[in-house]
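[1] How does the following fold in three dimensions:
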Amino acid sequence: MLKKTVILCLALICVAGLSGWLAFPTPVDATPAEPVQQKIKELIRNKETAVNQKDKKRFLSVLNPSYPFYVQEQKRWFEDAVRWVDPGSYRLRVISMIPEKEHQIRAWVEQRYTRQGRVFAIRFPLLFQETEKGWKDSDFPFLHTTRGNVVIRYTDEGLREQASIALESAHKAIQELGRKMDWTPRHSIEVKIYHRPELFRQSVKPSLPAWAGGWHESGESVKLIGAKGFSDQQFISSVLVHEMTHMMVSDTTGDNAAYWLQEGAAEYFQTHLLPGLRTQEEKKYEKPRWRMSRLEKLNLEHLHEEEASHYYTQCYQLFRYLMNTYGEKKVRRLFSVLQLSPEEDKETVDKISLVNQRTREAVKKVFGKSLAEIERDWIRDMKKKKSTLAAG
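    This is a model prediction of the structure:
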């Protein structure tokens, strides 16, 4: 996916699904002027109509161009929604509005749609800002903390400690990924932390599996689910490193890395980049669940949680083999060769055949072996190491 999806099993902090309601308080101490209210309602109607009519241009016209990460995220959300939502079932309405600050309005909206006849509903706040081109949808009304080229946005005061941890971990990850993989971020780093899975999903896509807890695609912010009162520094840092590795791989490959390569790198650096990170247990010399010819074609987002865990493990094992056998320099070269191909503005699942082909060709050019030959060597190496461990 560009590897955009860093989907992790955050069982400790993800407990809610898409269905249900978010009980945001409704302020009653101020009301925008009637003309402004009508403009905001018109924007909301335009979003609703755009989804039902599959009109991307109309949908994007509502969004604030000053927030490029949000525009890219909502573009992907729209592309998924028009395939996922039952045709004509999407509804979006304003519940209430209050002034936020000068030239800004906070609106509470209710979203409803059906998927195969099942109703999904959610209430959430949106920030609308007056621009030179009129009022525009400007994302959730986040709190934020920033330092240097990193900004952490979060949806609830109870996430403040996690935001501070994420800010420090992001700077460390940039430094280490830069040192190891010669990465300089193409743009500033933005991380969004959500206190509810439903809000996280609104920034990704409706079809996202319930076990997903983090996400990144090219041109977007890093997105994570957090939880009030949760402050496991190692866990938060580990998840953040996973997602920032996706950003690094997308930047250094022109977003041309196969899904397995994206996830393999993210799992590897999540485990090895920073000292003291919580990692998956280092068994990982087990027999692969799928042949690479099959793994390449799998859509991670369609896998059940247990299968997804096997997918991550297998990708990790193969990427670790590449790093241990060929070294960081060769892997950086692999990424550089991939970057020579033009970037396609599609999520990875929509260009999986193309990035698989480009990755196979780059593997052959850099390592002098086909992916099938590397797979054979890797399995032989795992068997040898497993036998050694058993004998010891």
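
[2] Report the contact partners of residue 193.
    Counting by Cβ atoms under 8 Å, 6 or more residues apart in numbering, residue 193 touches 152-155, 159, 162-163, 166, 223-226. C-beta: built from backbone N, CA, C; applies to glycine.

[3] 7 Å - rerun?
    By Cβ atoms under 7 Å, 6 or more residues apart in numbering, the contact set of residue 193 is 152, 154, 159, 162-163, 166, 224, 226.

[4] so where's the chain uncertain?
    1-30, 228-231, 278-285, 389-392 (pLDDT under 70).

[5] okay, now residue 216: neighbour count?
    29 (other Cβ atoms under 10 Å).

[6] Then residue 90?
    21.

[7] next one: the strand or helix carrying residue 224 to chain centre, how far?
    Assessed by DSSP states H and E, residue 224 sits inside strand 222-225. Its chain's C-alpha centre and that of strand 222-225 lie 6 Å apart, by Cα atoms, centre = their mean, to the nearest Å.

[8] ditto for stretch 88-96
    26 Å.

[9] What of stretch 262-281?
    So, by Cα atoms, centre = their mean, the centroid of stretch 262-281 is 17 Å from its chain's centroid.

[10] What of stretch 298-305?
    Using Cα atoms, centre = their mean, the offset of stretch 298-305 from its chain centre is 15 Å.

[11] And stretch 350-366, by the same measure?
    With Cα atoms, centre = their mean, you get 22 Å for stretch 350-366.

[12] now swap in stretch 257-268 and tell me
    13 Å.

[13] got it, and stretch 233-253?
    Taking mean C-alpha positions (Cα atoms, centre = their mean), stretch 233-253 and its chain are 10 Å apart.

[14] quick one on the thing from earlier: can you list the neighbours in contact with the strand holding residue 224?
    So strand 222-225 is contacted by 10, 13-14, 191-194, 197, 200, 203-204, 213-216, 239-240, 243-244, 247 (Cβ under 7 Å, 6+ apart).

[15] can you give me the strands in the stretch 51-200 of the chain?
    91-99, 104-115, 118-131, 134-137, 143-147, 150-154, 189-194 (DSSP state E, counting those that start in this stretch).

[16] packing partners for the second one?
    For strand 104-115, the elements it packs on are helix 34-52, strand 91-99, strand 118-131, judged by 3 or more Cβ pairs under 7 Å, 6 or more residues apart in numbering; DSSP states H and E.

[17] which residue ends up closest to the midpoint of this protein in space?
    Nearest to the geometric centre of the chain sits residue 215, at 1.6 Å (Cα atoms, centre = their mean).

[18] just to revisit the earlier point, the contacts of strand 222-225 in strands, which ones?
    191-194, 214-215 (DSSP state E).

[19] could you dump these to TSV with distance to residue 178?
    Converted to TSV, the ones in strands among the contacts of strand 222-225 look like this (distance: Cβ to Cβ, whole Å):
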residue	distance to residue 178
191	17
192	22
193	23
194	27
214	21
215	22
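
[20] In terms of distance to residue 76, which of the residues you listed ranks first?
    residue 215 (9.6 Å; Cβ to Cβ).

[21] Touching, the closest one and residue 204? I think so.
    Yes - using Cβ atoms under 7 Å, residue 215 makes contact with residue 204 at a distance of 4.9 Å.

[22] For the one helix or strand residue 266 maps to, buried residues please.
    If you go by DSSP H and E, residue 266 is part of helix 259-272. For helix 259-272, burial by neighbour count (16 or more other Cβ atoms under 10 Å) applies to 259-271.

[23] which one among the residues you listed gets closest to residue 132?
    For these, the nearest to residue 132 is residue 262 (37.8 Å; Cβ to Cβ).

[24] do you know how far that closest one is from residue 294?
    Distance of residue 262 to residue 294, computed by Cβ to Cβ, to the nearest Å: 17 Å.

[25] Then residue 109?
    From residue 109 to residue 294 the distance is 42 Å (Cβ to Cβ).

[26] Among those two, which residue is more densely surrounded?
    The neighbour comparison of residue 109 against residue 294 (other Cβ under 10 Å) goes to residue 109, with 20 against 10.

[27] check contacts around the more buried one.
    By Cβ under 7 Å, 6+ apart, the neighbours of residue 109 are 44, 92-95, 123-124, 126.

[28] Neighbour count and distance to residue 277 for these - can I get that in TSV?
    Below are the contacts of residue 109 laid out as TSV (neighbours: other Cβ atoms under 10 Å; distance: Cβ to Cβ, whole Å):
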residue	neighbour count	distance to residue 277
44	21	42
92	20	40
93	12	44
94	16	43
95	12	42
123	17	36
124	19	32
126	22	35
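
[29] Would you mind identifying the next helix or strand past the helix holding residue 266?
    Assignment by DSSP H and E places the next element after helix 259-272 at helix 292-295.

[30] picking that back up, bridged to the residue nearest to the centre of the chain, which residues?
    residue 223 (DSSP bridges).

[31] if I look at it, how far off is residue 45?
    28 Å.

[32] Leaving out the residues flanking it, which one is nearest to residue 315?
    The spatially closest residue to residue 315, leaving aside those adjacent along the chain, is residue 264, at 3.7 Å (Cβ to Cβ, 6 or more residues apart in numbering).

[33] returning to what we had before: the strands of the stretch 51-200 of the chain: which one's closest to residue 66?
    Checked against Cβ to Cβ, the stretch from these lying closest is strand 118-131, at 6.9 Å.

[34] For that closest one, output the C-alpha coordinates as CSV.
    Extracted in CSV, the C-alpha atoms of strand 118-131 (Å, rounded to 0.1, in the frame of the first residue of the first chain):
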residue,chain,number,x,y,z
ARG,A,118,-26.2,-2.6,7.8
VAL,A,119,-26.3,1.0,9.2
PHE,A,120,-23.1,2.7,10.3
ALA,A,121,-23.4,6.0,12.2
ILE,A,122,-21.1,8.4,13.9
ARG,A,123,-21.0,12.0,15.2
PHE,A,124,-17.8,14.0,15.1
PRO,A,125,-16.6,17.7,15.0
LEU,A,126,-15.2,19.4,11.9
LEU,A,127,-13.4,22.6,11.7
PHE,A,128,-14.4,25.1,9.0
GLN,A,129,-12.1,28.0,8.1
GLU,A,130,-12.8,31.1,6.0
THR,A,131,-10.3,31.3,3.2
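
[35] Great, nothing more from me.
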